[in-house]
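Here's a sequence, model it:
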Amino acid sequence: MARQPHVEIEPPKGSPDILELTVGDVTIKRGQLVSWESNTCIVMDTVTDDATFPGFAINQKNAGYIEPDRLVVAMVGVLSIDCTSAAYEAMAGLKWASEDTLVADGSANTLAWAWRKSRGTVTRMQAYFNVPVLGKLFAVSA
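Down below sits the predicted model:
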């Protein structure tokens, strides 16, 4: 089971790199990667969600609670997150592997980049996210 992602760097309050998106009756933890589906945020659950990827959660939403009804999402930032066991070069492309886990990627499913070169084989890393640079922004009616 993957460990909870830890937010290392997030955009400052009021930044244009922060979105407030509608969220349903689901649990989304701070630092989790999210997807925008059917006009609501959910936890990312497939590699092809890169096309609907707005970023990672800054706040937390618990199922069964009405508030908050919006999820604050960072489009730019750095997460400490699990990864598949490998050595990673700095700025190597990363894609979704499973909930809260990334894997090396060089194709169209890139979500983030390795923040630094790893010291040998690692299973946790710092990943740099910059959704606007990915050029996959989606229409949001928030």
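
got the CA positions of stretch 23-35 in CSV?
These are the backbone C-alpha positions of stretch 23-35, laid out as CSV (Å, rounded to 0.1, in the frame of the first residue of the first chain):
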residue,chain,number,x,y,z
VAL,A,23,-16.0,17.7,-5.1
GLY,A,24,-18.6,15.1,-4.4
ASP,A,25,-19.1,12.8,-1.4
VAL,A,26,-15.7,11.2,-1.5
THR,A,27,-12.6,11.2,0.6
ILE,A,28,-9.6,13.0,-0.9
LYS,A,29,-6.5,13.5,1.2
ARG,A,30,-4.0,16.4,1.1
GLY,A,31,-1.4,15.6,-1.6
GLN,A,32,-3.4,13.1,-3.5
LEU,A,33,-3.5,13.3,-7.3
VAL,A,34,-7.0,14.1,-8.6
SER,A,35,-8.9,13.8,-11.8
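
how far is it from where the chain is centred?
10 Å (CA atoms, centre = their mean, to the nearest Å).

What lies in contact with it?
4-7, 21, 40-45, 49, 52-64, 68-71, 73, 79, 81, 96, 99-100, 111 (CB atoms under 8 Å, 6 or more residues apart in numbering). Glycine gets a C-beta too; all of them are placed from N, C-alpha and C.

are any of the residues you listed buried, and which?
Among the contacts of stretch 23-35, the ones that count as buried by 16 or more other CB atoms under 10 Å are 5, 7, 21, 41-44, 49, 52-58, 61, 71, 73, 79, 81, 96, 100, 111.

Show only the entries of the residues you listed found in helices.
Of those, none are assigned to helices by DSSP state H.

Looking at those residues, which are in strands?
Among the buried ones among the contacts of stretch 23-35, the members found in strands (DSSP state E) are 7, 21, 41-43, 55-57, 71, 73, 79, 81, 96.

With that, I have no additional questions.
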